[in-house]
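Peer 1: Return a 3D structure for these sequence lines:
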Amino acid sequence: MKFNYRARTKEGKMEAGTIEAYSQEAAAILLQKYNIFPTYLAVQEQKSSFLKRATFSPPVSKKDLAIFFKQLSIMLDSRVPVVSSLASLAAQTNKKSFKEIIKDIAGLVEEGAPLSGAFGAYPRLFGPFYINLVKSGEASGNISASLNYISLHLEREHDILVQLRQAMLYPVFVFCVLLVVIAIIIIEVMPRIASLVEESGTAPSAFISATLGFYAFLGNWWWVLLVLVLAVAGLIIFYVNTQEGKSATSRMLLKIPFLGGVLKKVFIARFCSNISTLIVAGVSIQSALKITEDTVSNPVYRQIASQIGKEISEGEKISYVMVKYKDYFPPFVVQMVKVGEETGKLDQTLSQVADFYQKDIKGAIDLFSSLLEPVMIIGLGIVVAAMAISVLGPLYGALGTI
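Peer 2: Below you'll find the predicted structure:
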């Protein structure tokens with residue numbers, strides 16, 4: 001995209017112009033490379049055709065990033081120059097948006113920016129976790145190892161997401177089927193039965209009247225119910241997106257039987273994996289906790305990471321602080337962290353904890369899926385039976401009068 005800018009040169013002169021870059025941050029970095037310091041930078045308004053505006057590019061997934069970092073690590077380890085490696089990766093990337101980002105990063109590096117700085121031009125895609133790992137690799141001279149750590153971390157994150165999505169696929173499918181069945185009964189079946197009852201010329205029983213009245217209400221006022229449902233859903237979404245709502249929702253989810261246990265394992269695995277990966281890359285424990293605090297999505301564990309970081313800076317050990325949060329860190333985790341601190345191998349023990357919970361999550365999700373299937377079948381059977389009774393009752397009543 002193009003940006004209009006007003007800037008001051010190194011000599012102090014003011015100038016204005018247009019620059020092309022993928023993001024505003026990237027445009028600012030490019031200008032600074034030419035000793036041009038922008039005072040104003042905004043996207044240039046462009047008139048585009050409908051087809052161009054309607055063009056959709058799939059978002060960049062964790063799997064895409066994992067492959068990108070793995071391939072970049074292999075190329076750099078094989079002594080291929082950074083710019084050439086990035087150009088090669090851009091050429092083989094299918095997603096247009098990601099391709100343009102990689103090209104832009106290659107351009108920034110070619111202009112003299114460090115790789116970590118080029119990644120920093122896209123903070124939404126490359127967060128502080130990735131940037132700090134790359135910086136550590138640049139400082140140690142082993143950037144390929146840091147990129148490989150990032151790739152392994154992303155693969156682990158992707159596996160967890162895939163497992164959670166697979167577990168939710170079946171109940172969502174059953175719920176959608178149930179909605180379709182209910183819609184068919186309300187729209188097609190019940191109006192015909194109501195007509196049949198009216199044609200019989202007899203007074204229906206109280207049960208039949210109540211059933212027909214209920215379905216008639218749904219058929220006539222479904223849009224009111226839909227508006228109410230959407231309004232309530234909108235209010236819930238609005239509340240959940242507030243700071244208070246996020247915290248309350250996170251605490252509530254963590255207390256739900258079984259589901260809360262799975263979510264705790266997911267966040268513990270991410271928490272330990274993040275810190276372990278950062279420590280291996282040479283990041284200090286305090287910095288690792290701060291970066292983890294910025295990257296953890298759950299407000300509860302984010303607050304815990306912040307508190308651990310504060311007490312660590314005051315001389316406390318991580319295991320000592322974790323004991324205070326026994327509802328969120330099981331004794332096994334605390335003991336492993338304590339062993340790591342005593343032996344000086346905290347990165348290894350945290351990695352082992354992350355691997356353990358990664359496998360445990362898979363087992364828990366498999367168990368959840370195996371238990372959910374019969375429960376959903378029984379629940380669906382009960383709902384279908386109730387609807388069948390409500391449909392067949394009026395039908396038999398009408399037929400009995402013929």
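Peer 1: Helix or strand: which one has the closest residue in space to Leu212 that isn't next to it in sequence?
Peer 2: Closest residue to Leu212 apart from its sequence neighbours, by Cβ to Cβ, 6 or more residues apart in numbering: Ala194 at 5.2 Å. Placement of C-beta: from N, CA and C, glycine included. Of the helices and strands defined by DSSP states H and E, Ala194 is found in helix 190-200.
Peer 1: how much space between Lys324 and Ile318?
Peer 2: With distances taken as Cβ to Cβ, to the nearest Å, Lys324 is found 11 Å from Ile318.
Peer 1: what's downstream of the helix-or-strand element of the chain with minimal mean pLDDT, the next helix or strand?
Peer 2: In the chain, the helix or strand scored least confidently by mean pLDDT, DSSP states H and E is helix 50-54, which has a mean of 40. Using DSSP H and E, the next helix or strand after helix 50-54 towards the C-terminus is helix 62-77.
Peer 1: sorry, back to before: my guess is the residue nearest to Leu212 meets Thr211, correct?
Peer 2: No - counting by Cβ atoms under 8 Å, Ala194 does not reach Thr211; the two are 9.7 Å apart.
Peer 1: Arg302 - how many residues pack around it?
Peer 2: 20 (other Cβ atoms under 10 Å).
Peer 1: if I look at Ala194, how far off is Val181?
Peer 2: Counting by Cβ to Cβ, the gap from Ala194 to Val181 is 19 Å.
Peer 1: These two: who's more crowded?
Peer 2: The residue with more neighbours, out of Ala194 and Val181, is Ala194; 20 against 14, by other Cβ under 10 Å.
Peer 1: Compute the inter-axis angle for the helix ranked longest in the chain and helix 190-200.
Peer 2: For the chain, the helix that runs over the most residues, judged by DSSP state H, is helix 346-400. Orientation of helix 346-400 against helix 190-200 (axes from the mean of the first three to the mean of the last three Cα atoms, to 10 degrees) gives an angle of 20 degrees.
Peer 1: what angle sits between the helix or strand following the helix holding Ala194 and helix 346-400?
Peer 2: With elements assigned by DSSP H and E, the helix or strand that comes after helix 190-200 is helix 206-240. Angle of helix 206-240 versus helix 346-400, following the same axes, to 10 degrees, is 160 degrees.
Peer 1: pLDDT averaged over helix 206-240, what's the number?
Peer 2: Across helix 206-240, the average pLDDT comes to 82.
Peer 1: Also stretch 2-20?
Peer 2: Stretch 2-20 comes out at a mean pLDDT of 77.
Peer 1: Give me the buried positions along it.
Peer 2: 3, 5, 7, 19 (16 or more other Cβ atoms under 10 Å).
Peer 1: Need the three-state assignment for the third one.
Peer 2: Spelled out, it's Ala7. Taking DSSP: H, G, I helix; E, B strand; the rest coil as the rule, one finds Ala7 in the strand state.
Peer 1: so where's the stretch 101-250 of the chain shaky on pLDDT?
Peer 2: Low-confidence segments of the stretch 101-250 of the chain (pLDDT under 70): 197, 200-208.
Peer 1: Could you rerun that using 50?
Peer 2: Across the stretch 101-250 of the chain, nothing is flagged by pLDDT under 50.
Peer 1: How are the strands of the stretch 1-150 of the chain distributed by residue range?
Peer 2: Assigned by DSSP state E, counting those that start in this stretch, the stretch 1-150 of the chain shows strands spanning 2-9, 14-20, 36-43.
Peer 1: so Gln163 touches Asp360, yeah?
Peer 2: No - if you go by Cβ under 8 Å, Gln163 and Asp360 don't touch, sitting 11.2 Å apart.
Peer 1: Neighbour count: those two, which is higher?
Peer 2: A direct count of neighbours by other Cβ under 10 Å for Gln163 and Asp360 places Gln163 higher, at 19 against 15.
Peer 1: Might you report the residue contacts of the more buried one?
Peer 2: By Cβ atoms under 8 Å, 6 or more residues apart in numbering, the residues touching Gln163 are 361-362, 365.
Peer 1: can we see that at 6 Å?
Peer 2: 362, 365 (Cβ atoms under 6 Å, 6 or more residues apart in numbering).
Peer 1: what about it, helix or strand, and which?
Peer 2: In the assignment (DSSP H and E), Gln163 maps to helix 143-184.
Peer 1: Settle this for me: Glu341 is touching Val321, isn't it.
Peer 2: No - taking contacts as Cβ atoms under 6 Å, Glu341 lies outside contact range of Val321: 11.3 Å.
Peer 1: Which one of those two is surrounded by more residues?
Peer 2: Taking neighbours as other Cβ under 10 Å, Glu341 and Val321 compare with Val321 leading, 20 against 16.
Peer 1: Redo the strands of the stretch 1-150 of the chain as TSV? Include distance to Gly234.
Peer 2: Below are the strands of the stretch 1-150 of the chain laid out as TSV (distance: least, Cβ to Cβ, whole Å):
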stretch	distance to Gly234
strand 2-9	35
strand 14-20	39
strand 36-43	30
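Peer 1: Looking at the ones you listed, which is nearest to Lys103?
Peer 2: When the strands of the stretch 1-150 of the chain are compared by Cβ to Cβ, strand 14-20 sits nearest Lys103, at 11.3 Å.
Peer 1: Give me the sheet partners of the closest one and which way each runs.
Peer 2: Paired neighbours of strand 14-20 in the sheet (DSSP bridges): strand 2-9 (antiparallel).
Peer 1: What helices and strands are in contact with the host helix or strand of Phe267?
Peer 2: Using DSSP H and E, Phe267 falls within helix 259-280. The contact analysis (3 or more Cβ pairs under 6 Å, 6 or more residues apart in numbering; DSSP states H and E) places helix 259-280 against helix 143-184, helix 243-255, helix 285-295, helix 346-400.
Peer 1: Dump those to TSV, plus distance to Gly234.
Peer 2: TSV is the format used below for these (distance: least, Cβ to Cβ, whole Å):
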stretch	distance to Gly234
helix 143-184	19
helix 243-255	13
helix 285-295	29
helix 346-400	26
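Peer 1: And the helix or strand containing Phe332, what does it pack against?
Peer 2: In the assignment (DSSP H and E), Phe332 maps to helix 331-343. Packed against helix 331-343, as judged by 3+ Cβ pairs under 6 Å, 6+ apart, are the following elements: helix 318-323, helix 346-400.
Peer 1: hang on, the earlier thing: so Lys324 and Ile318 - more neighbours on which side?
Peer 2: The neighbour comparison of Lys324 against Ile318 (other Cβ under 10 Å) goes to Ile318, with 21 against 14.
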